[in-house]
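A.B. asks: Provided below are the primary sequence and the corresponding predicted coordinates.
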Amino acid sequence: MSCDQELTTQSYLDGELQGVAAAQAERHLQTCASCQALAAGTADLSDALRKASRYRAPDALRARIVSRFGREPVRLPTRNFWLGAFSGATVSALAAGFALLALLPPSAATLTQSVADAHARALLNGQTIMVASSNHHTVKPWLAAHAAISPPVADFSAQGFALAGGRMDEVAGSRAAVMVYRHGNHQLELFAWPDRGAKLPQPGMTHGFRTGFWKSGDLDFAAISDVDKDAFQKFIALAQAQRE
Ligand SMILES: [Zn+2]
């Protein structure tokens, strides 16, 4: 499938269009699957180009994260990992086990730990952003293509929370889309993953990060950051109010 407006879309993604032309290209991109695929491909390219300049947590923050956790944050073993590690009959047995596990909703404690681990791991590895853009029309199709989840993506620059980009990650064994925001020197992350009927954790502090959880539509959401309480609540209110 291709579209006769791909050149225009490409110019838009390259930031070459302004005013009415940009608005038209943006509207087209919202409804055209072919151009969204193009945007996702462009995002891959910009990901490669930006690897050298990607965000890395400052040393002080890295030290704080490690001391809060008392260890390096871990990644829960995934099915692919285990499939790579074993073979033959063991695989089928393990795969069946993981398939069964995947059906069971994770506990609130597992969710909190998993989101905090994913956030800290990304900060430590300098891999918080896989697609760097303040343009939600770039971030959203990239997340849809890579995380297979299409949460609402908005820029809240006017309210003090600038969209910096997104990445795919993992929450308690589910593939998750992550929207990354900047607020002064702080980073806020908004996780979204398919709802499996889990009971969500209460808001709280985990390893020095504030966390908040909610459900919307068929997705579970989590916000996590080290910003102050007022800013965190403001961010959650913005995130909860947005619609497709
Ligand atoms: Zn198109």
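C.D. replies: Okay, I see it.

A.B. asks: who's the residue nearest in space to the middle of the chain bridged to?
C.D. replies: The chain has Val178 as the residue nearest its centroid, 0.9 Å off, counting by CA atoms, centre = their mean. Assessed by DSSP bridges, Val178 has beta-bridge partners Arg167, Phe191.

A.B. asks: Test my guess that it contacts Trp193.
C.D. replies: No: distance between Val178 and Trp193: 9.5 Å, which falls outside the contact criterion (CB atoms under 8 Å). For glycine as for every other residue, the C-beta is placed from the backbone atoms N, C-alpha and C.

A.B. asks: Briefly note if stretch 23-34 comes near the ion.
C.D. replies: Yes: using CB under 5 Å from the ion, stretch 23-34 reaches the ion at 32, 34.

A.B. asks: Check the gap between Ser2 and Cys32 for me.
C.D. replies: 10 Å (CB to CB, to the nearest Å).

A.B. asks: What of Glu6?
C.D. replies: From Glu6 to Cys32 the distance is 9 Å (CB to CB).

A.B. asks: Of these two, which one has the most company?
C.D. replies: Cys32 (18 against 14; other CB atoms under 10 Å).

A.B. asks: ok, now which ones touch the nearest residue to that one once chain neighbours are set aside?
C.D. replies: Leaving aside its chain neighbours, Cys32 sits nearest to Cys3 (5.5 Å; criterion: CB to CB, 6 or more residues apart in numbering). Neighbouring residues of Cys3 by CB atoms under 8 Å, 6 or more residues apart in numbering: 9, 32, 34-35.

A.B. asks: Can I get the residues you listed in TSV including pLDDT?
C.D. replies: Listed next are those as TSV, based on pLDDT from 0 to 100:
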residue	pLDDT
Thr9	84
Cys32	83
Ser34	84
Cys35	82
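
A.B. asks: pLDDT score for the residue nearest to Cys32?
C.D. replies: At Cys3, the pLDDT value in this model is 88.

A.B. asks: just Ala132 next, same as before
C.D. replies: 80.

A.B. asks: please renumber so the chain begins at 48
C.D. replies: Sure thing, new numbering starts at 48, so read that last one as Ala179.

A.B. asks: Is it in contact with Leu210, as I believe?
C.D. replies: No: contact status for Ala179 versus Leu210: not in contact, 10.1 Å apart, counting by CB under 8 Å.

A.B. asks: okay, and the common contacts of those two?
C.D. replies: By CB under 8 Å, 6+ apart, no residue touches both Ala179 and Leu210.

A.B. asks: how is the protein carved up into domains?
C.D. replies: The chain breaks down into these domains under automatic domain parsing: 103-113+154-288, 122-147.

A.B. asks: any bit of the first one sitting next to the ion?
C.D. replies: No: using CB under 5 Å from the ion, no contact is recorded between domain 103-113+154-288 and the ion, whose separation bottoms out at 11.5 Å.

A.B. asks: Residues touching stretch 195-206, excluding its own?
C.D. replies: So stretch 195-206 is contacted by 181-183, 186-187, 190-191, 209-210, 213, 222-224, 226, 228, 237, 239-241, 266, 268, 281-282, 285, 289-291 (CB under 8 Å, 6+ apart).

A.B. asks: same thing but at 6 Å, please
C.D. replies: Residues outside stretch 195-206 that contact it (CB atoms under 6 Å, 6 or more residues apart in numbering): 181, 183, 186-187, 191, 210, 224, 226, 239, 266, 285, 289, 291.

A.B. asks: pretty sure Ala87 is touching Lys187, no?
C.D. replies: No: using CB atoms under 6 Å as the test, Ala87 is too far from Lys187 to be in contact (9.5 Å).
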